[in-house]
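Undergrad: sequence? don't have it. structure:
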């Protein structure tokens with residue numbers, strides 16, 4: 001079964017990297033392009049091999065985004081964040097992740113994979129042992145896929161690791177980690 005999955009992955013990757021000559025001529029992402037978007041997602045706590053997350057935390061999230069391509073592959077952007085927690089209790093979180101970037105593998109295809117990293121501040125009234133104050137820091141990293149049509153809005157889908165902690169400013173700084181699946185609509189303004 002594992003060899004079948006490997007062969008399937010190689011075939012899919014091979015087909016994904018093929019493109020027609022006409023598609024390859026048009027840059028869909030370019031330096032100077034502005035981006036706007038709105039994404040939503042679902043997340044749940046996890047322990048990624050580091051950290052001390054023990055609480056079960058579940059939430060839905062909404063992220064308005066604004067960015068600009070500084071190279072043909074690198075988009076610098078920021079996003080607002082609204083978290084509505086439903087587990088372990090009803091709570092709210094809101095913040096601004098103002099320093100971030102997405103590095104896209106391709107700029108001339110209908111879709112492109114990318115890596116993402118972003119950091120910022122967050123306020124939350126979530127009452128769990130891992131968070132010892134209302135104002136915290138957030139660090140987000142992950143991978144995603146962006147669909148870039150010639151005209152109109154495109155789509156993004158990301159799988160993120162979302163870390164919230166006080167960065168060692170008070171208490172034990174246990175922090176909480178969550179895996180988050182995010183999807184939404186994006187406009188690339190050319």
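TA: Okay, I see it. Everything numeric in this text was worked out from a predicted model, so none of it was measured.
Undergrad: could you list the low-pLDDT ranges of the chain?
TA: Residue ranges of the chain with pLDDT under 70: 1-25, 51.
Undergrad: where do the helices sit along it?
TA: Per DSSP state H, the chain carries helices over the ranges 2-17, 21-25.
Undergrad: quick one: residue 119 from residue 99, how far?
TA: For residue 119, the distance to residue 99 equals 5 Å [Cβ to Cβ, to the nearest Å]. C-beta coordinates here come from the backbone N, C-alpha and C atoms, glycine included.
Undergrad: please name the bridge partners of residue 74.
TA: With DSSP bridges as the criterion, the beta-bridge partners of residue 74 are residue 103.
Undergrad: burial measure for it, as a count.
TA: If you count neighbours by other Cβ atoms under 10 Å, residue 74 ends up with 15.
Undergrad: that one: what's it in contact with?
TA: 101-104 (Cβ atoms under 8 Å, 6 or more residues apart in numbering).
Undergrad: at 10 Å instead, please
TA: 29, 31, 68, 101-104, 114 (Cβ atoms under 10 Å, 6 or more residues apart in numbering).
Undergrad: residue 152 now?
TA: Taking Cβ under 10 Å, 6+ apart, one finds 185, 187-188 in contact with residue 152.
Undergrad: can you say which of the residues you listed are buried?
TA: residue 188 (16 or more other Cβ atoms under 10 Å).
Undergrad: and which of the contacts of residue 152 is nearest to residue 172?
TA: The shortest approach to residue 172 among those belongs to residue 185, at 39.7 Å (Cβ to Cβ).
Undergrad: please report how far the closest residue to the closest one other than its chain neighbours lies from residue 70.
TA: Spatial nearest neighbour of residue 185, chain neighbours left out: residue 153 (4.8 Å); criterion: Cβ to Cβ, 6 or more residues apart in numbering. Residue 153 is 22 Å from residue 70, where distance means Cβ to Cβ.
Undergrad: now do residue 149
TA: From residue 149 over to residue 70 the distance is 22 Å, taken as Cβ to Cβ.
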